[in-house]
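# give me a model of this one.
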Amino acid sequence: MCFSFEVSISTFIVTWGISLYLLNKKLDKHQQRNIIFLMILSSIQIVDAVLWYIKMKKNRINYIVTSFILPGILSLQALHNVFIRNDNKNDFISIMTIMGCVYLFYRFNGYSKTLCNNYFASPVWGSNEIKLWEFILFAIFIFYPDWKMLLGITVILFPAIHIFAGGAYGSLWCAVANMIAFYYLYKY
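All right, here's what the predicted structure looks like:
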């Protein structure tokens, strides 16, 4: 969980560093697509870093980052997985993906705030806690057909975040990005 400016920036640097290192190796097309996806996934840490840097003040920067940049990066995750990694040709899935992206811009319109109930608190994007069904549906959009990754995140990581942080689930991408980066570093 990204509970500070330093952790968010560090996660971004480590994940992008590993990704750039791996992209300079002789990877096949599938592996390259996975690394690019990881780079998109970890870019959310820049959003969190900016929010931490401005101390979640309800200002224009918070609004722009929360309402446009955040859903833009989240949309890229879904679009990349569906149309690039999986080369989708199914019209129903295409429509659902586009509707999901539009929903992200609606869902996160507003300001982010901090969840101040403990040390592990992360930003609550759009000042409205992400519902479990939203998180699971989004995880399906960005990880399908990688069932191992999908199950690991929804069965192990979601409950752990709930137990330790008590909310602000969106920033768990920090933990996910790091886990995936080190997994790819080991695997590739």
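
# longest single helix anywhere in this protein?
In the chain, with assignment by DSSP state H, the single longest helix is helix 5-23.

# pLDDT of the helix or strand just after that one, averaged?
Moving toward the C-terminus from helix 5-23, the next helix or strand (DSSP states H and E) is helix 29-42. Helix 29-42 shows a mean pLDDT of 94.

# same thing with stretch 60-71?
Along stretch 60-71, the predicted confidence averages to a pLDDT of 96.

# neighbouring contacts of it?
Taking contacts as C-beta atoms under 8 Å, 6 or more residues apart in numbering, the residues outside stretch 60-71 that touch it are 44, 47, 50-51, 54, 56, 101, 104-105, 107-112, 125-126. The way it works is simple: take the backbone N, C-alpha and C, and place the C-beta from them, glycine included.

# next one: the residue located most distally from the centre of the chain from residue 32, what distance?
The outermost residue of the chain, judged by C-alpha distance from the chain's mean C-alpha position using C-alpha atoms, centre = their mean, is residue 26 at 26.4 Å. Going from residue 26 to residue 32 by C-beta to C-beta, to the nearest Å gives 10 Å.

# what's the closest non-adjacent residue to residue 7?
If you skip the residues right next to it in sequence, residue 7 has residue 174 as its closest partner in space, 6.7 Å away by C-beta to C-beta, 6 or more residues apart in numbering.

# surely that neighbour meets residue 46?
No: using C-beta atoms under 8 Å, residue 174 and residue 46 do not qualify as a contacting pair, with a distance of 11.5 Å.

# and those two? which has more neighbours close in?
Shown here are residue 174 and residue 46; by other C-beta atoms under 10 Å, residue 174 has more neighbours (23 against 18).

# any stretches of this structure with poor pLDDT?
When the per-residue scores of the chain are filtered using pLDDT under 70, the ranges that remain are 1-3, 115-122, 158, 161-173.
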